[in-house]
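# generate a structure from the sequence data that follows.
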Amino acid sequence: MADFLKWKKEPGPRVTASRDLDESKLQAPGIVALPGGGYRLYYTAVGPGKPFPTCQGYILSAVSDDGVTFQVEPDIRLAPDPSIEHGSLRYLAPTVTQLADGRWRMYFESRGPVSMPTVIASAISSDMLTWDLEEGIRLQGFAGIGGPRYIELPDGVNGRLYCFASEPTAKGIISAITANGLDFEFESGPRLEVGLAEIEAKGITAADVLPPSTEGEPWLMLYSGWQDAPAGSVIPPHPSSDPDAVQNGSSENFAAASIAVDLAGYRSRISAAHSSDGLLWERDGCVIEGGGVGAEGIDAIHAEDMSFIRLDDGSYRAYYACCDSDGNWRIASAVAG
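Numbers count the residues shown, from 1 in each chain. Below is the predicted model:
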C-alpha cells in the first residue's frame with residue numbers, strides 16, 4: 001500500500017502533438033495491455049484535421065512495446081457523428097475491455113449539445129483499430145456523467161463502470177454494474193463525494209480502479225480533482241457549457257476556447273484512495289501534481305484524467321493528461337512500487 005502512494009514521474013511525454021489530428025489538444029488516456037505483449041494507448045484529441053468543423057474531439061491511439069516509447073497510429077479510431085444527438089460533438093475518455101469471444105468493447109463519454117447531458121456510449125472491435133458504434137446509451141443520469149473507467153469484477157461475472165456524476169456545483173464519482181456489458185444499473189451511494197478537500201473542490205473528473213490481485217489486498221484508485229480558481233479570476237465561457245457554442249463559433253474553435261479556461265486559474269492534481277470492497281473508499285492524498293502557475297514542466301498547471309495498470313513485477317504505471325504553463329496538453333506517465 002505504501003508503495004502505491006509514492007509516484008515518480010518519468011521523463012518526457014509519452015504522446016505529444018505531432019499531426020493535424022492532435023495538434024490542438026490531447027488528453028484523457030486509456031491504457032490497454034495487449035494479449036501478445038506491449039500496450040495500446042487510446043486518447044482524446046482535436047486538431048485541424050478534425051472530421052467536421054464543429055467537432056470538439058475524437059479518439060486516437062498509439063502503440064508501444066515497452067509502455068514508454070509510443071508510436072501514434074494513423075487515422076481516427078472513433079469520431080462523433082452530427083446525426084446522433086448525444087454524440088454529435090465529442091468523444092472523450094476511452095476505456096477498453098476484452099470480451100469472452102475475443103472482441104473488444106470501448107466505453108467513452110459522449111457529448112452532444114449543452115441541452116443533452118453527457119452520457120456513456122460504447123463501440124465494438126475485433127482488431128482494436130476499426131470500431132463500430134453500438135446503438136443506444138450505456139449509462140445516463142444526474143446532470144451528466146462521464147470520464148468512465150471499466151473493470152471486470154473479481155466474481156468473474158459482472159463488470160463495473162466508475163464515472164463522474166455532475167451535480168449542480170461539482171462532480172463526484174459514482175459506479176454502475178453490468179452482467180452483459182450493455183445494460184448497467186447504478187449502485188447505491190457515491191464512491192467519492194465532492195467538496196471534502198480544497199484540491200478537488202471544483203470536482204472530480206475521472207477515477208481509475210484496480211481490484212486486488214490477491215485475496216486480502218486493497219482495491220486501489222487514482223482520481224483527478226480540480227481546484228477552483230482564486231477569487232477574482234476571470235473565467236471565459238467553456239464551449240462545453242455554452243448553449244450557443246455551435247452558432248457563435250466557440251465549438252469550431254474548441255481547443256483554443258477550452259485551453260483559455262484551463263489557464264484561467266484552475267489547477268488539477270491526481271490523488272489516491274483505497275477500499276476493501278471497491279464501494280467504500282478512503283482518501284490517501286495527492287500523489288501526482290504540477291508546480292502551479294508560473295512553474296516549469298509539462299504538467300506545471302494540470303495533471304488529470306489518468307489510466308493505470310499493474311506491471312508484471314507488481315509495480316504500477318499511470319498515464320495522465322497534463323498541461324504546461326503555455327497551454328500545451330500531452331500524455332505523461334509516472335511509476336510507483
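
# tell me where the model's unsure across this protein.
The chain contains residues with pLDDT under 70 at 1-2, 169, 195, 291-296.

# looking at it, which residue lies furthest from center?
The C-alpha centroid of the chain is most remote from residue 232, which lies 29.1 Å away (Cα atoms, centre = their mean).

# distance-wise, check it relative to residue 264.
Between residue 232 and residue 264 the computed distance is 11 Å (Cβ to Cβ, to the nearest Å). For glycine as for every other residue, the C-beta is placed from the backbone atoms N, C-alpha and C.

# likewise residue 67?
34 Å.

# who's more crowded, these two?
For residue 67 versus residue 264, neighbours defined as other Cβ atoms under 10 Å are more numerous around residue 67 (19 against 14).

# so what's the residue nearest to the more buried one when sequence neighbours are not counted bridging to?
Distance criterion Cβ to Cβ, 6 or more residues apart in numbering; nearest residue to residue 67, sequence neighbours excluded, is residue 39 at 4.9 Å. For residue 39, the beta-bridge assignment (DSSP bridges) gives partners residue 33, residue 64.

# before we move on, the earlier item: the residue farthest from the centre of the chain: what secondary structure?
Using DSSP: H, G, I helix; E, B strand; the rest coil, the structure places residue 232 in coil.

# what about residue 242, neighbour count?
So residue 242, with other Cβ under 10 Å, has 17 neighbours.

# check contacts around the nearest residue to it once chain neighbours are set aside.
Nearest residue to residue 242, sequence neighbours excluded (Cβ to Cβ, 6+ apart): residue 250, at 5.6 Å. Counting by Cβ atoms under 8 Å, 6 or more residues apart in numbering, residue 250 touches 237, 239, 242, 244, 257.

# got a quick PyMOL command for the buried subset of those residues?
Entered in PyMOL, the line below selects the buried ones among those, by 16 or more other Cβ atoms under 10 Å:
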select buried, resi 239+242+257
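
# so which two of the contacts of residue 250 are the farthest from each other?
Within the contacts of residue 250, 244 and 257 form the most distant pair, 12.3 Å apart (Cβ to Cβ).

# hang on, the earlier thing: and the residue nearest to residue 242, how far is that from residue 258?
Taking Cβ to Cβ, one finds residue 250 at 9 Å from residue 258.

# anything in contact with each of these two?
residue 239.

# list the buried residues in the host helix or strand of residue 287.
If you go by DSSP states H and E, residue 287 is part of strand 281-288. Applying a neighbour-count criterion of 16+ other Cβ under 10 Å, one finds 281, 283, 284, 286, 287, 288 buried in strand 281-288.

# would you map the strands across the stretch 1-150 of the chain?
7-9, 25-33, 39-46, 58-64, 70-72, 90-98, 104-111, 119-125, 132-133, 145-152 (DSSP state E, counting those that start in this stretch).

# the residue nearest to residue 67: neighbour count?
Applying other Cβ under 10 Å, we find 20 residues neighbouring residue 39.

# wait, what's in contact with it?
With Cβ under 8 Å, 6+ apart, residue 39 has these contacts: 31, 32, 33, 63, 64, 67, 309.

# as JSON lines, the residues you listed with distance to residue 325 would be great.
Conversion of the contacts of residue 39 to JSON lines gives the following (distance: Cβ to Cβ, whole Å):
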{"residue": "31", "distance to residue 325": "26"}
{"residue": "32", "distance to residue 325": "31"}
{"residue": "33", "distance to residue 325": "33"}
{"residue": "63", "distance to residue 325": "30"}
{"residue": "64", "distance to residue 325": "28"}
{"residue": "67", "distance to residue 325": "27"}
{"residue": "309", "distance to residue 325": "29"}
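
# scan those residues and report the most crowded one.
residue 31 (24 neighbours).

# chain neighbours aside, what residue packs nearest to that residue?
residue 307 (4.7 Å).

# my guess is residue 204 meets residue 224, correct?
Yes. Residue 204 is in contact with residue 224 according to Cβ atoms under 8 Å; the separation is 6.8 Å.
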